[in-house]
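> Pasting a predicted model and its sequence here:
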Number of protein chains: 2
Amino acid sequence: MTAVSGSSQVGRAKLADVAKLAGVSVGTASKALSGSGRMRPETRQRVLAAVETLDFRPNQHAQSLHTGRSWTVGLMTTDGIGRFSTPVLLGAEDALGAGKISVLLCDTRGDTIREQHHLRNLMDRRVDGIIVTGRRTDPRPPLTGIEPIPTVYALSPSTDPDDMSVVSDDRSGAQLAVEHLLATGRTRIAHVTGPAHHAAARDRAQHTVDLLERSSLELSTGRVHFGEWSEAWGRRAADAVLRTAPDTDAFFCGNDQIARGVADSLRETGVDVPGRVAVVGYDNWDVMALACRPPLTTIDTALAEIGRQAALRLLDAIGGKPEPGVRSVPCRLVVRESS
Amino acid sequence: MTAVSGSSQVGRAKLADVAKLAGVSVGTASKALSGSGRMRPETRQRVLAAVETLDFRPNQHAQSLHTGRSWTVGLMTTDGIGRFSTPVLLGAEDALGAGKISVLLCDTRGDTIREQHHLRNLMDRRVDGIIVTGRRTDPRPPLTGIEPIPTVYALSPSTDPDDMSVVSDDRSGAQLAVEHLLATGRTRIAHVTGPAHHAAARDRAQHTVDLLERSSLELSTGRVHFGEWSEAWGRRAADAVLRTAPDTDAFFCGNDQIARGVADSLRETGVDVPGRVAVVGYDNWDVMALACRPPLTTIDTALAEIGRQAALRLLDAIGGKPEPGVRSVPCRLVVRESS
């Protein structure tokens, strides 16, 4: 298997050979291979068997020169393929890989020089389009210095509203959390979240305040608790909130790590969760949400669906039907034992 | 930027145009672009400026037909790009992307049909080689049904010892942990780990027992505690160990989640860590190790280095210098406050 190089072009089987061996027309053989067109499963099976027997491989590079398409899409991540970009990547790879599109992976690590290096490489390879994803929900400047090519921004939208972006609907996330807490009888809700300079923290906080106002309520401590995306901050904030507003009956947290810190602190100071206080997180990061005691009710941000929709929009654009603008993917409430 | 399709070949600048504008020979221009050969930085800069001005792009597909190389490597993961394969992928991407090699990402999700689909696609695209990675350290069967092509298995080795594999050295990991505990005066060491049918759990446990024997010691409870890779198992096991062997003065755990569960359980039952009992984890998974109270001493498995070495071995093999066999990358001890 290993290390024997070389793939000689000599004597390669042609599609006509496959069709002949399978006893079908070249058109049928082509359809069987591309997965398009209807045919009996037995027919497709015969074609695939012939492909095996003859070791037939269409030459993609020759095809690309012929069609002007490379059937390749660049997937560019800016954050080292972290916890957020991974599900987005997988959703996109799933939607693209189902057909014959391959994914060229580029990791820019937030470095502009690496980004330009990768972009040039993607252009050299004549990718049909690019998906750009990152870890933050803050808008990012569009790619520059490249040929015009269909590009979709996933999770981190482009600052240009005429670009194609697919983002998580933070408003729906906050709404699901607040409505769930109100529906279960909580009215003294505290909001603990990440740094105020992150859009994810600011947006979720603003939506939370707005939604409470619509029910003539305000936050139990009268303000949003901005801090870090960490368990340690959750623990500290829980103590501070209960000192300021001991009648707080729910914590809605900007992510699952903060929520886990809050739940740990409450448990360790003898506050019953969810008996006296409910805790709701954000992200549905399974490692955090399931290991939390009790397991966390949280907001699922549908990251894989964001990747999938970004891929489908990119395919539409490559096919000549671009739909510019930002599209939001709604969140989903996952109820567990903490609320 | 967005959605304007098409990349016409008409009027494309040629390498000769670049050389002319930069005032150098075509050979020098070529060397400047490939990064090979020595030249003054100013010369390279002039060539790159000319490339910018003329928007010159070598056509990779034409080059591939000419050279028989695609300058592309397939990176195949079997576990949905999880916590373990991600750093391996990044290490490999880093080593490959520094040159002009691009990475085609394939995610098989442990599905044989998906694996065959992706393999066929990689063959069609004439990749120069393949890196296969997974989540488990158990050996996996080699890829089958493909043309002979350089292949390196990273993290999950091939069952064929003549294949090229790069793995984590579990023996060095166990040794670092045990020697650290012995050096800090611990002699009553318990070992809590994952399922016995995982090589990672079995191997680390066996090495631990062997290493203690060399110091005429045995495990504090007289046996290995196999279970799950979870915090909940760590909490339950800590209770069980201290009931069986109350004089246990250290826990060496098979991963960081188990270690975090152990540390939580000890803290909540009033056992001082590290005062009375030391806790050492495995993996150096930052989210777990840093959020643990106290932060975890743990074994770093050098996953990115495994990816990097797999990439370098693959490049050697593509270059005609394959070195078959399994190579182990040593672990690293990271001392924090739990020991």
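Okay, I see it.
> Residue A:171: neighbour count?
Neighbourhood size, residue A:171 [other Cβ atoms under 10 Å in any protein chain shown]: 17. Every residue, glycine included, has its C-beta placed from N, CA and C.
> Return the distance of it relative to residue A:308.
Applying Cβ to Cβ, to the nearest Å, the value for residue A:171 to residue A:308 is 21 Å.
> ditto for residue A:184
Residue A:184 is 32 Å from residue A:308, by Cβ to Cβ.
> And those two? Which one has more around it.
Between residue A:184 and residue A:308, counted using other Cβ under 10 Å, the more crowded position is residue A:308 (22 against 14).
> so the more buried one makes contact with residue A:91?
Yes. Residue A:308 lies in contact with residue A:91 (Cβ atoms under 8 Å); the separation is 4.1 Å.
> for chain A, what spans make up the helices?
Under the criterion DSSP state H, helices of chain A are mapped to A:15-22, A:26-34, A:41-54, A:60-67, A:85-97, A:112-124, A:170-183, A:199-214, A:231-244, A:256-268, A:286-291, A:303-318.
> neighbouring contacts of the last one?
Contact partners of helix A:303-318, identified using Cβ atoms under 8 Å, 6 or more residues apart in numbering or on different chains, comprise A:73, A:84, A:87-96, A:99, A:101, A:128-131, A:133, A:150-155, A:164, A:166-168, A:322-323, A:327, A:329, B:2-3, B:5.
> Outline the domain layout of chain A.
Chain A breaks down by automatic domain parsing into domains covering A:15-58, A:70-168+A:303-329, A:170-300.
> Turn those domains into CSV, columns for mean pLDDT.
Shown next, in CSV, are the domains of chain A (pLDDT from 0 to 100):
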stretch, mean pLDDT
domain A:15-58, 79
domain A:70-168+A:303-329, 88
domain A:170-300, 97
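> Flag every residue of the stretch 201-339 of chain A that's near chain B.
Residues of the stretch 201-339 of chain A lying close to chain B by Cβ under 8 Å from any Cβ of the partner chain are A:230, A:231, A:232, A:257, A:268, A:287, A:291, A:317, A:318, A:320, A:322, A:324.
> And the furthest pair within these?
A:268 and A:320 (59.3 Å; Cβ to Cβ).
> Could you find the closest non-adjacent residue to residue A:268?
residue B:268 (7.8 Å; Cβ to Cβ, 6 or more residues apart in numbering or on different chains).
> So what's the gap between stretch A:25-45 and the chain middle?
When distances are taken as Cα atoms, centre = their mean, to the nearest Å, stretch A:25-45 is centred 34 Å away from the chain's centroid.
> Show me which residues of it are buried.
Across stretch A:25-45, burial judged by 16 or more other Cβ atoms under 10 Å in any protein chain shown covers A:28, A:29, A:30, A:31, A:32, A:33, A:43, A:44.
> The closest residue to the last one other than its chain neighbours and chain B, how far apart?
To tie it back to what came earlier, the one meant is residue A:44. Leaving out its chain neighbours, the residue that sits closest to residue A:44 by Cβ to Cβ, 6+ apart is residue A:32, at 4.6 Å. Applying Cβ to the nearest Cβ, to the nearest Å, the value for residue A:32 to chain B is 13 Å.
> now swap in residue A:311 and tell me
Counting by Cβ to the nearest Cβ, the gap from residue A:311 to chain B is 13 Å.
> count of neighbours near that residue?
Using other Cβ under 10 Å: residue A:311 sits among 29 other residues.
> do residue A:335 as well
Neighbour count for residue A:335, taken as other Cβ under 10 Å: 12.
> Give the bridge partners for the closest residue to residue A:335 other than its chain neighbours, please.
Spatial nearest neighbour of residue A:335, excluding adjacent residues (Cβ to Cβ, 6+ apart): residue A:297 at 5.0 Å. Beta-bridge pairing for residue A:297 (DSSP bridges): residue A:280.
> quick one: residue A:297 and residue A:282 touch, right?
No. Applying Cβ under 8 Å, one finds residue A:297 not in contact with residue A:282, separated by 10.3 Å.
> what about the two, which has more around it?
In this view residue A:297 and residue A:282 are compared by other Cβ under 10 Å, and residue A:282 has more residues nearby, 30 against 26.
> Surely that one touches residue A:177?
Yes. Between residue A:282 and residue A:177 there is a contact at 7.3 Å, judged by Cβ under 8 Å.
> Find residues that contact each of the two.
Joint contacts of residue A:282 and residue A:177 (Cβ under 8 Å, 6+ apart) are residue A:299.
> what about residue A:193, how many neighbours?
So residue A:193, with other Cβ under 10 Å, has 28 neighbours.
> Hmm, residue A:226 and it touching each other?
Yes. Under the criterion of Cβ under 8 Å, residue A:193 makes contact with residue A:226 at 6.0 Å.
> Centre-most residue in chain A?
Nearest to the mean C-alpha position of chain A, by Cα atoms, centre = their mean, lies residue A:88 at 2.5 Å.
> thinking again about what came up before, what residues are up against the residue nearest to residue A:44?
The contact partners of residue A:32, by Cβ under 8 Å, 6+ apart, come to A:22, A:24, A:39, A:43, A:44, A:47, A:48.
> Relative to chain B, how far out is the residue nearest to residue A:241 when sequence neighbours are not counted?
Leaving aside its sequence neighbours, residue A:241 sits nearest to residue A:190 (Cβ to Cβ, 6+ apart; 4.6 Å). Between residue A:190 and chain B the computed distance is 21 Å (Cβ to the nearest Cβ).
> and residue A:190, what does it touch?
Going by Cβ under 8 Å, 6+ apart, residue A:190 touches A:219, A:220, A:221, A:225, A:241, A:245, A:248, A:250, A:251, A:252.
> And those, which is closest to residue A:122?
Nearest to residue A:122, judged by Cβ to Cβ, of the contacts of residue A:190 is residue A:252 at 40.7 Å.
> who touches that closest one in this structure?
Listed by Cβ under 8 Å, 6+ apart, the contact set of residue A:252 reads A:174, A:177, A:178, A:181, A:189, A:190, A:191, A:192, A:208, A:280.
> try residue A:329
A:166, A:167, A:168, A:169, A:302, A:305, A:306, A:309.
> just checking, the fourth one touches residue A:330?
The one in question is residue A:169. Yes. The criterion here is Cβ under 8 Å, and residue A:169 meets it with residue A:330 at 4.9 Å.
> and those two? which has more neighbours close in?
Using other Cβ under 10 Å as the criterion, residue A:169 and residue A:330 rank with residue A:169 on top: 19 against 14.
> give me the beta-bridge partners of the closest residue to that one other than its chain neighbours?
Excluding its sequence neighbours, the residue lying closest to residue A:169 (Cβ to Cβ, 6+ apart) is residue A:328, at 3.8 Å. Beta-bridge partners for residue A:328, by DSSP bridges, are residue A:167.
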